[in-house]
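A.B. asks: Prediction below, plus the sequence it came from.
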Amino acid sequence: MQKDFISIHDLTPDEFQQILNMTDNMKKHPHRFRKSLKNRILAMIFQKPSLRTRMTFEVGMLQLGGEAIYLAPSDIQLGSREGIFDVGKNLERWVDGIMLRTFAHRIILDLAASTRIPVINALTDLLHPCQAMADFYTLGEKKGGRTRLTFGLTFAYVGDGNNVCHSLMFAAAKSGTKMAVATPAGYEPNPEIVQQALEDGNATGFSLKLTADPAEAASGADAVYTDVWASMGQEAEKEKRARIFAPYQVNAKLMSHAKSDALFMHCLPAHRGDEVTDEVIDSPNSVVYDEAENRLHVQKVIMLLLMGKKEKNKHE
């Protein structure tokens, strides 16, 4: 792996599979890794709050024998009170890695470029790679059999072509999964991300269908995924988006187009009654809490791969 974990696009297919394989081992045998990051410290910078992100990174560091320090938006005021470059140069003197959950993607790129210690993308407005890694681990865990591979499965995403959708496309491309994305006109995924995903999937068997018809996307799918219609920072658009996205609600009728044993997936938090009905999210085929748990296991692997590397002296 590279120094940082910014995008699944940066991984080779082998590195992508390595993370999933290690996650399987980590989840089954957590006791083997209890001291893997002993004396290592992770700085967790949050410009956007999150239950799952804070808990899984903090608990993950504790389970690996290290520690995590939470930095709230008011603690640093990254880029306003203090420049990104200076924040990075200071943190590399005190800690062994940085996790950042932020708005603009440029912020994490600038932070990673400013420091010699690993930087982990816990969410930007463009990408959500840790979530997508956990999602595809869950997909393989439930549908991939012993090998945990998702090759040959059909994966449907319905809703906003947002950061989660982008990272899911990269994960599908790296794993050779067939993917269909249904979005309203004007809310399609970023064309540059689409092109990169198609290039990533040239050698894996990946295929991508973009459509405005949610039933078409869900047809014959092994899993149907959705996300909130208005993400953090888009609250002013909530009512407008609710009207536009209403036909994209994942309900029993939409799920009937998928396979009878199709999984329902969501990154959470879910707005019940909007993008998904209670009937679907609470159904036996819903794996939303498995995905949330697997964030812990996947992120432990990512931290171990990045922060467990032996360094001569990071301050040289």
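C.D. replies: That came through fine. Residues are numbered from 1 along each chain as shown.
A.B. asks: Packing partners of the helix or strand that contains Asp86?
C.D. replies: Assigned by DSSP states H and E, Asp86 falls within helix 84-91. Other helices and strands packing on helix 84-91, by 3 or more C-beta pairs under 8 Å, 6 or more residues apart in numbering; DSSP states H and E, are helix 105-114. In this view, the C-beta of every residue, glycine as well, is placed from N, C-alpha and C.
A.B. asks: How far off centre is the following helix or strand past the helix it packs on?
C.D. replies: Downstream of helix 105-114, the next assigned helix or strand under DSSP H and E is strand 119-123. Centroid separation for strand 119-123 versus its chain: 9 Å, with C-alpha atoms, centre = their mean, to the nearest Å.
A.B. asks: same check, this time on stretch 155-164
C.D. replies: Counting by C-alpha atoms, centre = their mean, stretch 155-164 comes out at 12 Å from the chain centroid.
A.B. asks: which residue is nearest the centroid of this structure?
C.D. replies: Among the residues of the chain, the one closest to the centroid is Gln131, at 2.1 Å (C-alpha atoms, centre = their mean).
A.B. asks: Tell me which residues touch it, please.
C.D. replies: Counting by C-beta atoms under 8 Å, 6 or more residues apart in numbering, Gln131 touches 123, 164, 167, 267, 291, 295.
A.B. asks: Next, it: secondary structure please.
C.D. replies: helix (DSSP: H, G, I helix; E, B strand; the rest coil).
A.B. asks: Need the pLDDT of it.
C.D. replies: pLDDT, Gln131: 98.
A.B. asks: Report the buried residues of the host helix or strand of Lys253.
C.D. replies: Element membership of Lys253 [criterion: DSSP H and E] is helix 252-255. Going by neighbour count (16 or more other C-beta atoms under 10 Å), the buried part of helix 252-255 is 254-255.
A.B. asks: What is it packed up against?
C.D. replies: Checking 3+ C-beta pairs under 8 Å, 6+ apart, helix 252-255 ends up next to helix 214-218, helix 278-281.
A.B. asks: export the first one as CSV, just CAs?
C.D. replies: Listed in CSV are the C-alpha atoms of helix 214-218, where the atom choice follows Å, rounded to 0.1, in the frame of the first residue of the first chain:
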residue,chain,number,x,y,z
PRO,A,214,-34.3,2.1,-9.9
ALA,A,215,-36.2,-1.0,-10.9
GLU,A,216,-33.8,-1.6,-13.8
ALA,A,217,-30.8,-1.2,-11.5
ALA,A,218,-32.3,-3.6,-8.9
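A.B. asks: Now do the next helix-or-strand element following the helix holding Asp86, average pLDDT.
C.D. replies: Using DSSP H and E, the helix or strand that follows helix 84-91 in sequence is strand 97-101. The average pLDDT within strand 97-101 is 98.
A.B. asks: ok so, going back, and among the helices and strands packed on helix 252-255, the most buried is which?
C.D. replies: Most buried of those, by mean neighbour count (mean count of other C-beta atoms under 10 Å): helix 214-218, with a mean of 21.
A.B. asks: chain center to the helix holding Asp86: distance?
C.D. replies: On C-alpha atoms, centre = their mean, the centre of helix 84-91 falls 25 Å from the chain's centre.
A.B. asks: List the buried residues for it?
C.D. replies: Applying a neighbour-count criterion of 16+ other C-beta under 10 Å, one finds 84, 87-88, 91 buried in helix 84-91.
A.B. asks: Make JSON lines from those and add distance to Thr226 and pLDDT to it.
C.D. replies: Shown next, in JSON lines, are the buried residues of helix 84-91 (distance: C-beta to C-beta, whole Å; pLDDT from 0 to 100):
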{"residue": "Ile84", "distance to Thr226": "33", "pLDDT": "94"}
{"residue": "Val87", "distance to Thr226": "35", "pLDDT": "94"}
{"residue": "Gly88", "distance to Thr226": "35", "pLDDT": "96"}
{"residue": "Leu91", "distance to Thr226": "36", "pLDDT": "97"}
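A.B. asks: The contacts of Gln131: which two are farthest apart?
C.D. replies: Among the contacts of Gln131, the pair separated by the greatest distance (C-beta to C-beta) is Leu123 and Glu291, at 14.7 Å.
A.B. asks: between the two, which one's more packed in?
C.D. replies: Taking neighbours as other C-beta atoms under 10 Å, Leu123 and Glu291 compare with Leu123 leading, 28 against 25.
A.B. asks: dump the residue contacts of the more buried one.
C.D. replies: Leu123 sits next to 48, 50, 53, 101-102, 130-131, 163 when contact means C-beta under 8 Å, 6+ apart.
A.B. asks: ok, and the most crowded of the residues you listed?
C.D. replies: Gln131 (27 neighbours).
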